[in-house]
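K.L.:
Okay, sequence plus prediction incoming.
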Amino acid sequence: MFEFCKHRETVANFNNKFFAKRPDALDYPTDISNAAKQGATSFHCSEEIWENPLDINTDMTPDQYNEIKIGWDLLIDIDSPFLDYGKIAARLLINEFERHGIKNYGIKFSGSKGFHILIPFKAFPKEVQGEQTKDNFPEWPRLIAGYLFERIREPMNNEILGLTDRDKLKESGELISENFCPKCGQPTIKRKNYKYKCPDIRCKSELEGFTKKRVAMLCPSCNAKMDIVNEREIDFCETCKISTAKIEASTSNYGGSIREVKIEFKKEDTIKSTEDSVDIVLVSPRHLFRAPYSLHEKTAFSSIVITKDQIENFRPSDADPLKIGEPKSFMPESEEGEARELLLQALDWGRINKPEKTKKYDGAA
């Protein structure tokens, strides 16, 4: 733990009753045992790496923070309500790392139902297009997390659907179905759509539209007041201003012709509890995460370091602090620049996408 926490802001948690005053750091290995004797149950450290963490001041500007910052590690927090879901997300993320040429990464159990996966700062290029990598925290790590989640989201949901009964997920409200615009790929919104029919037997025109019920719809052919014969909820893209009614095979016969449109909205199933399974909010200035081998106060399990091959058969009882064997290092021996491709791909993705904050945290992970 001490080796990992060097040059990091590291704060003791006293059984969730209070945290030590920030900023704080570990100067000697004995600081850990001394804090434990005083009632510390866990330690939480920063993703940022500092020349001297004790120089941090809350009144500093971002530029002043950058002056004393050495770098940052990418820490992906897999936050899931079920351990099996977390295992799927961890495996898919690691596959993505390896697809992008990353061979070295750290994995540890969060202490509850998830995992923390780390790529060291050394693996990233020192600069990209004239910008210092160390100065782009949390923006670049946040883009990487969003990019990775976008890539694993669909296969992750498909695997979870294979594990769980679809009807049960629907009943519990866990299954969310979203439609996406075939033109821009953005999620659609639901809108009420009304079908109107001209009462004039000589006209019989039909059309669909968003006009509100209380507003009269006049027949474009004979100017008669049209009757509402049906209403339904459809998908509407606010960006492209197109709807299900416009791009699906049309049911209207206005003008005597029926349009056949082959493109359609893409439907995607999402498991509600996995929407935030890759925690982007953890990637924020001075946010702390549980240090390796620290206890989790709610479960009493240790945040142990594991290997890729141990994920599938991992059980929380493996993290019983009384049964832990030889500690492993959470910091892998990375090759310089091996995460360059991942960063470049994430920056390209970020030009048209921007991860949104979906949760708020007051404490440490």
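P.N.:
Perfect, I can see it now. Numbers count the residues shown, from 1 in each chain.

K.L.:
Contacts for the helix or strand where residue 3 lies, please.
P.N.:
Here residue 3, judged by DSSP states H and E, is contained in helix 2-5. Identification of contacts with helix 2-5 by C-beta atoms under 8 Å, 6 or more residues apart in numbering yields 25-26, 28-29, 31-32, 43, 45, 291-292, 329-331. (Glycine included, C-beta is placed from N, CA and C.)

K.L.:
what's the distance between residue 66 and residue 188?
P.N.:
According to C-beta to C-beta, to the nearest Å, residue 66 and residue 188 sit 41 Å apart.

K.L.:
Look at those two and report which has more neighbours.
P.N.:
More crowded of residue 66 and residue 188, by other C-beta atoms under 10 Å: residue 188, with 21 against 14.

K.L.:
picking up where we left off before, top of the contacts of helix 2-5 by number of neighbours, please.
P.N.:
residue 43 (30 neighbours).

K.L.:
who's in contact with the helix or strand hosting that one?
P.N.:
Taking DSSP H and E as the definition, residue 43 sits inside strand 42-46. Here strand 42-46 makes contact (C-beta under 8 Å, 6+ apart) with 1, 4-5, 8-13, 19, 26, 32, 35, 53, 286-291, 294-297, 303, 364-365.

K.L.:
Which of these are buried, as a ChimeraX select command?
P.N.:
Those of these that count as buried under 16 or more other C-beta atoms under 10 Å are selected in ChimeraX with:
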select :1,4,5,8,9,10,11,12,13,19,26,32,35,53,287,288,289,290,291,294,295,296,297,303,364,365
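
K.L.:
who does the host helix or strand of residue 156 touch, helix- and strand-wise?
P.N.:
Assigned by DSSP H and E, residue 156 belongs to helix 139-163. The elements that helix 139-163 packs onto, with contact taken as 3 or more C-beta pairs under 8 Å, 6 or more residues apart in numbering; DSSP states H and E, are strand 74-78, helix 83-99, strand 266-271, helix 340-350.

K.L.:
what comes up buried for it?
P.N.:
By 16+ other C-beta under 10 Å, the buried positions in helix 139-163 come out as 140-149, 151-153, 156-157, 159-160.

K.L.:
chain center to it, what's the gap?
P.N.:
Distance of helix 139-163 from its chain centroid, counting by C-alpha atoms, centre = their mean, to the nearest Å, is 7 Å.

K.L.:
now stretch 3-22
P.N.:
A distance of 25 Å separates the centroid of the chain from that of stretch 3-22, by C-alpha atoms, centre = their mean.

K.L.:
Just the endpoints, please. Distance across that stretch?
P.N.:
20 Å (C-alpha to C-alpha, to the nearest Å).

K.L.:
After the helix holding residue 3, which helix or strand is next?
P.N.:
That would be, after helix 2-5 and using DSSP H and E, strand 10-14.

K.L.:
Run the angle between that following strand and strand 42-46 for me.
P.N.:
150 degrees (axes from the mean of the first three to the mean of the last three C-alpha atoms, to 10 degrees).

K.L.:
neighbouring strands for the very next helix or strand once past strand 10-14, and are they parallel or not?
P.N.:
Beyond strand 10-14 on the C-terminal side, the first helix or strand identified by DSSP H and E is strand 18-19. Here strand 18-19 has these sheet partners by DSSP bridges: strand 10-14 (antiparallel).

K.L.:
what residues does the strand it pairs with touch?
P.N.:
Against strand 10-14 from outside (C-beta under 8 Å, 6+ apart): 19-20, 22, 24-26, 35, 38-46, 53, 288, 291, 297, 364.

K.L.:
Low-confidence regions, the stretch 101-250 of the chain specifically.
P.N.:
Applying pLDDT under 70 to the stretch 101-250 of the chain flags residues 164-177, 211-214, 244-250.

K.L.:
What are the boundaries of the strands in it?
P.N.:
For the stretch 101-250 of the chain, applying DSSP state E, counting those that start in this stretch gives strands covering 106-109, 115-119, 127-128, 131-132, 175-180, 189-197, 206-209, 227-237, 242-243.

K.L.:
Relative to the whole chain's centre, how far out is the longest one?
P.N.:
Centroid separation for strand 227-237 versus its chain: 33 Å, with C-alpha atoms, centre = their mean.

K.L.:
Can I get that strand as CSV, trimmed to CA atoms?
P.N.:
Output of strand 227-237 as CSV, limited to C-alpha atoms (Å, rounded to 0.1, in the frame of the first residue of the first chain):
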residue,chain,number,x,y,z
ASP,A,227,-61.5,13.3,-36.9
ILE,A,228,-58.9,11.7,-34.6
VAL,A,229,-59.1,8.0,-35.3
ASN,A,230,-56.0,6.8,-33.5
GLU,A,231,-53.2,8.0,-31.3
ARG,A,232,-49.9,6.3,-30.5
GLU,A,233,-46.5,7.1,-29.0
ILE,A,234,-43.7,7.4,-31.5
ASP,A,235,-39.9,8.1,-31.4
PHE,A,236,-38.8,11.5,-32.5
CYS,A,237,-35.3,12.8,-33.1
